[in-house]
Structures are given as structure tokens and as C-alpha cells.
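1. Quick one: sequence plus predicted model below, questions after.
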Amino acid sequence: MSMKKKMAPFLAAALLAANALPVMAVDVSGGDVSDIQDVTNAQQSGSTTVVANVAETDPGAVEYIVSVPKYVDFGGLKRNGEGEYNLVLNGKVKLTSVSNLDASKRVAVLVQDAANGTEGFRIYGQTGAAASNNQYLVYNILANSNDLLASTKYANGFLIGAFQNAEDAVNLDFKLDQNQITGELDNWVGTYQGTLTFYSKVVDAAEYN
């Protein structure tokens, strides 16, 4: 079998957790009084059910939407020495909208590998020899050219950015080094997949500085 035919099924894909991180307020307007009942000389009393709802988000609380990459596909990979070693894909995390954010606050966005936490980003063999040999490929993420793996580890991952204004954004580079594909190609053939978990919260401006 030719090398070209062997390479055909060797693909890699990284699935990201979500394409937006919304915090939405519950509408507390629009109350209603509905239906009637009769109280008469024969039925001198009646009962009325009175209900209300307290929203999880207080009126005036911060609301925001952060957009993150939904899907990352490194495509067909080549073994060590057969072309470009480093594959780099570009993405972005953006504060799409925000309201009621105090000047002293920021919307922090963090990320980590769903399976490997803050120990590194991986895609795992799902089919073929890649799965049976428990193979995985390591990749990295750079936020505005800063290596996330070299940054501080927080409880919910690595900090991508702390945003203040709508349209604030951080550029992401997803980088996979093909030099890690070594030895017999047959041991690596298959599809690969992993998952990233993004996390967001409102923080004090100085908390992640």
C-alpha cells in the first residue's frame, strides 16, 4: 500500500465545548390576574392562589455573551519529516455583548482540556490503530501570542482574557506539532478528537492581573 493511501484516514479534530457563554436575566415584568370565581350568598367564601417568581439574576445585574470557537479541525496530518511540522489554526474569543458591568469589574474567560484539565491540551484516538493503541496528540493554544501552558493555572483553567467592553477580543492560535508522529505510521492511523471547556465569570478587575 502506498504512503498516500495510508495517510487518507489519518485525521484529527478537536471539538470545543460551546460557541457562546450567555448569562441571561429572567423577565420579571408582565404579571397577570386571570380567571374569575364567584362568591355568592350560597357560596360565601372562595380561595385564590397568588404566585410570584424571583429571578436568579437581579434586575440590574451583569448580563453578557462571550463567543468562543465551536469547532477546530486540524485536518489531515503527516508523519514526522513529511512536510510542514507545525499546523497553526486561528480563532478568537470575543465579548459579544455586555450590560451593567461596573468599571471595576471584568468578564474573565478561561479554558482547559475537558479530560486533562490544566495538564495540557490533547486529542485522543477514536478509531483504528489510534484507538487500539491509546494514542493521543498534544496541541497548544496561544492567546494573543502568549502560551497558555506557560501561564498561571487557575481552578477553572488558563486565563484567555478579562474583558470590559463589547467587542473586546483575544486572538487564539491552535498549534499542533507533527514531529510527535514518530515510528510506524500504522500505529497512528485513525481519527482523533478532544474537548475544550470554556468558563466565564464576572471578577474584580485586579483579580487576574
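-> Nice, thanks for sending it over.

2. for this structure, which strand is longest?
-> In the chain, assigned by DSSP state E, the strand with the most residues is strand 86-99.

3. counting contacts, what elements does whatever helix or strand comes next after it pack onto?
-> Per DSSP states H and E, the first helix or strand lying C-terminal to strand 86-99 is strand 105-113. Applying 3 or more C-beta pairs under 8 Å, 6 or more residues apart in numbering; DSSP states H and E, we find strand 105-113 packed against strand 63-67, strand 86-99, strand 157-163, strand 195-204. In short, each C-beta sits where N, CA and C put it, glycine included.

4. Alpha carbons of the shortest one, in CSV - could you do that?
-> Spelled out, that is strand 63-67. Extracted as CSV, the C-alpha positions of strand 63-67 are listed here (Å, rounded to 0.1, in the frame of the first residue of the first chain):
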residue,chain,number,x,y,z
GLU,A,63,-25.5,40.2,31.6
TYR,A,64,-23.0,39.2,28.9
ILE,A,65,-22.4,36.9,26.0
VAL,A,66,-18.9,35.6,25.1
SER,A,67,-18.4,34.0,21.7
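
5. May I see the buried residues of it?
-> Neighbour-count burial for strand 63-67 flags Y64, I65, V66, S67 (criterion: 16 or more other C-beta atoms under 10 Å).

6. Can you say which of the helices and strands packed on strand 105-113 is nearest to I181?
-> When those are compared by C-beta to C-beta, strand 86-99 sits nearest I181, at 11.4 Å.

7. what lines up beside that closest one in the sheet?
-> In the sheet, strand 86-99 lines up against strand 63-67 (antiparallel), strand 169-177 (antiparallel) (DSSP bridges).

8. The very next helix or strand once past the longest one pairs with which strands?
-> To tie it back to what came earlier, the one meant is strand 169-177. Remark: after strand 169-177, the chain's next helix or strand is strand 191-193, criterion DSSP H and E. Strand 191-193 sits in its sheet next to strand 11-16 (parallel), strand 121-125 (antiparallel), going by DSSP bridges.

9. By mean pLDDT, show me the worst of these.
-> Least confidently modelled of the strands paired with strand 191-193 is strand 11-16, at a mean of 39 by mean pLDDT.

10. So which of the helices and strands packed on strand 105-113 is the most surrounded?
-> Burial of these is given as mean neighbour count (mean count of other C-beta atoms under 10 Å); strand 157-163 ranks first at a mean of 22.

11. Now distance to L87 too, for the strands paired with strand 86-99, in JSON lines please.
-> Output for these, formatted as JSON lines (distance: least, C-beta to C-beta, whole Å):
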{"stretch": "strand 63-67", "distance to L87": "23"}
{"stretch": "strand 169-177", "distance to L87": "5"}
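
12. Of all the ones you listed, which one is nearest Y199?
-> Going by C-beta to C-beta, the one of the strands paired with strand 86-99 nearest Y199 is strand 63-67, 10.0 Å.

13. Centre of the chain to the closest one, how far?
-> 12 Å (C-alpha atoms, centre = their mean, to the nearest Å).

14. Report the angle between that strand and strand 157-163.
-> If you take axes from the mean of the first three to the mean of the last three C-alpha atoms, to 10 degrees, strand 63-67 sits at 120 degrees to strand 157-163.
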